[in-house]
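[1] following is a predicted model, sequence given first.
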Amino acid sequence: MIQKLSLALALFCLSSSVSNFAAVLPVPPSSGGAGIQSALDSLPAGGEVQLSAGQYLIRQPIILRKDHQTLRGCGASTVLFLADGANCPAVVLGSPTDHARPTKDILLTGLFIDGNRKNQQKEVWRVLSDGAGVYNNGVDVWDVDGATVEQVVCCRCRSGGMVTSARTRRLTVRDYTAFDNQFDGLACYFTEDSDFSRLNLHDNLSAGLSLDLNFNHNVIHDSVLSGNDLGIFMRQSRDNVFKGLTIQKCRHHGVFMAQTFVGTVAGWQPCPGSECAGNTFDNLLVAHCGGKGFLVNDATCTNNVICGGRFADDAPVAQAVPNLVSMRLLAGPNEPAPLESVLTASHPLPDHAAPVQSAPKAL
């Protein structure tokens with residue numbers, strides 16, 4: 001099959017050299033991850049690899065390192081399954097080893113990624129020369145500008161579902177689902193000017209959404225976070241807008257907001273500039289969490305606003321000192337629906353999303 005694929009690639013490259021149209025190359029499930037990578041590497045910038053329904057066995061990460069490339073599946077019927085002992089991310093957008101320039105305008109769409117975490121032995125795939133680690137996530141987004149991830153599911157990964165990092169800009173994530181991952185459903189570092197919508201982050205062993213280290217000027221909207229240890233974990237995040245989020249059934253807090261502390265010879269000390277500030281939560285619903293609905297852990301986290309928040313817990317908002325969070329009401333046509341009507345609305349989870357039991361994370 002690999003020989004046939006190589007012949008197809010050769011004929012394709014010959015024909016595409018005289019074509020003015022974007023190159024499209026299909027890869028069957030029998031070719032596995034190696035076939036997908038060969039197809040991506042053979043394509044010019046602007047090409048597309050199309051996957052069919054079926055299971056693709058992944059032994060090494062699939063890396064989209066060229067500008068304007070697309071990897072497209074058929075939806076939940078296209079499964080990327082990480083092989084036993086692969087101990088690597090399933091898909092990498094961008095190039096972890098090339099720090100010269102970002103990878104631009106790539107698209108990942110229509111995939112179900114199963115990280116097979118019970119058969120992976122470690123969380124870290126590689127440590128780069130600058131000390132940064134590349135972890136065994138479903139999708140690693142690494143130094144990209146203008147990428148899009150849509151209609152992707154990441155489950156059962158040894159680390160997180162999807163992680164964005166390393167100067168990621170103008171990323172669009174929509175219709176993304178993550179469940180039963182070892183840590184977070186979606187974690188974002190060094191990410192700015194990006195848009196996240198229609199997220200379904202449920203039953204992950206740590207946070208549904210972890211925003212920890214230079215997550216600034218982003219919008220997260222119209223999403224449901226349910227059954228995670230924490231709904232949202234935030235540190236060093238500024239000037240973000242959260243709109244229309246439902247956070248429910250967390251084992252601990254709905255939103256946990258804090259500053260970063262580092263260990264020194266004098267003990268734990270706050271990292272200057274690492275506080276959460278200037279974030280706005282519009283039409284936020286938090287219900288039935290094991291801890292606080294919204295906890296601001298450190299007095300340096302200032303100028304955060306909840307506009308139209310609704311809480312179904314006895315102790316909805318807790319602050320290290322008073323007035324860290326401004327509470328405002330919505331008025332007029334944008335006024336939120338009554339709490340119980342929202343809680344009884346249908347937020348169906350996938351059939352494969354069984355509840356996950358795990359030891360709670362200490363905070």
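    Everything's here; your move. Just so it is clear, the structure is predicted and the values come from calculations on it, not from any experiment.

[2] quick one: low-confidence ranges for the chain?
    Along the chain, segments meeting pLDDT under 70 span 1-22, 98-99, 131, 313-315, 329-363.

[3] tell me the centre residue of it?
    For the chain, the residue nearest the mean C-alpha position is Leu186 (2.9 Å; C-alpha atoms, centre = their mean).

[4] for that residue, what are phi and psi?
    phi -140, psi 120 (degrees, to the nearest 10).

[5] which residues does it form a beta bridge with?
    Per DSSP bridges, the residues bridged to Leu186 are Met162, Leu209.

[6] and it, what does it touch?
    160-164, 173, 176, 178, 196, 199, 201, 208-210 (C-beta atoms under 8 Å, 6 or more residues apart in numbering). Using the backbone N, CA and C atoms, a C-beta is placed for each residue, glycine as well.

[7] who's the closest residue to Lys243 other than its chain neighbours bridged to?
    Nearest residue to Lys243, sequence neighbours excluded (C-beta to C-beta, 6 or more residues apart in numbering): His221, at 4.0 Å. Beta-bridge pairing for His221 (DSSP bridges): Ser197, Lys243.

[8] ok, Arg235 next?
    Under the criterion used (DSSP bridges), Arg235 bridges to Asp212, Ala258.

[9] gap between it and Ala207?
    11 Å (C-beta to C-beta, to the nearest Å).

[10] which of these two has more residues huddled nearby?
    Taking other C-beta atoms under 10 Å, Arg235 and Ala207 do not tie; Ala207 has more neighbours (29 against 23).

[11] now do the contacts for the more buried one.
    Listed by C-beta under 8 Å, 6+ apart, the contact set of Ala207 reads 183-185, 187, 228-233.

[12] please redo it, this time with the cut-off set to 7 Å
    For Ala207, the contacting residues are 184, 228-230, 232-233, by C-beta atoms under 7 Å, 6 or more residues apart in numbering.

[13] what of Ser197?
    Ser197 sits in contact with 174, 221-223, where contact means C-beta under 7 Å, 6+ apart.

[14] please redo it, this time with the cut-off set to 10 Å
    Contact partners of Ser197, counting by C-beta atoms under 10 Å, 6 or more residues apart in numbering, are 150, 172-176, 219-223, 243-244.

[15] what does Tyr135 give?
    88-89, 122-126, 157-160, 163, 165, 182-183, 187.

[16] element containing the closest residue to it other than its chain neighbours, please.
    What sits nearest to Tyr135 in space, not counting adjacent residues and going by C-beta to C-beta, 6+ apart, is Ser159, at 4.0 Å. Assigned by DSSP states H and E, Ser159 belongs to no helix or strand.

[17] wait, Ser159 touches Gly185, no?
    No. The pair Ser159 / Gly185 is not scored as a contact, 11.4 Å apart, by C-beta atoms under 10 Å.

[18] separation between Ala320 and Asp298?
    Ala320 is 5 Å from Asp298, where distance means C-beta to C-beta.

[19] name the residues contacting each of the two.
    257-259.

[20] so which of those residues is the most crowded?
    Met257 (26 neighbours).

[21] confirm for me that that one is in contact with Ala299.
    No. When contacts are counted by C-beta under 10 Å, Met257 is not listed as touching Ala299 (11.4 Å).

[22] shared neighbours, those two?
    275, 319-320, 324.

[23] ok so, going back, now the contacts of Leu186 in TSV, with distance to Cys74 and neighbour count?
    Output for those, formatted as TSV (distance: C-beta to C-beta, whole Å; neighbours: other C-beta atoms under 10 Å):
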residue	distance to Cys74	neighbour count
Gly160	25	28
Gly161	20	30
Met162	20	29
Val163	25	27
Thr164	25	28
Val173	20	24
Tyr176	17	23
Ala178	20	31
Phe196	23	24
Leu199	21	24
Leu201	23	28
Gly208	27	32
Leu209	27	28
Ser210	30	25
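
[24] and those, which is closest to Lys66?
    Thr164 (19.0 Å; C-beta to C-beta).

[25] I'd say that closest one and Leu93 touch.
    Yes. Contact criterion C-beta under 10 Å: Thr164 and Leu93 qualify, at 8.8 Å.

[26] intersection of neighbour lists for these two?
    Common neighbours of Thr164 and Leu93 (C-beta under 10 Å, 6+ apart) are 139-144, 147, 149, 171.

[27] in ChimeraX, how would I select the buried members of these?
    Typed into ChimeraX, the line below selects the buried ones among the shared contacts of Thr164 and Leu93, using 16 or more other C-beta atoms under 10 Å:
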select :139,140,141,142,143,144,147,149,171
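
[28] could the shared contacts of Thr164 and Leu93 be laid out in JSON lines, adding distance to Trp268 and secondary structure?
    Formatted as JSON lines, these follow (distance: C-beta to C-beta, whole Å; DSSP: H, G, I helix; E, B strand; the rest coil):
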{"residue": "Val139", "distance to Trp268": "33", "secondary structure": "strand"}
{"residue": "Asp140", "distance to Trp268": "30", "secondary structure": "strand"}
{"residue": "Val141", "distance to Trp268": "31", "secondary structure": "strand"}
{"residue": "Trp142", "distance to Trp268": "30", "secondary structure": "strand"}
{"residue": "Asp143", "distance to Trp268": "31", "secondary structure": "coil"}
{"residue": "Val144", "distance to Trp268": "34", "secondary structure": "strand"}
{"residue": "Ala147", "distance to Trp268": "36", "secondary structure": "coil"}
{"residue": "Val149", "distance to Trp268": "36", "secondary structure": "strand"}
{"residue": "Leu171", "distance to Trp268": "32", "secondary structure": "coil"}
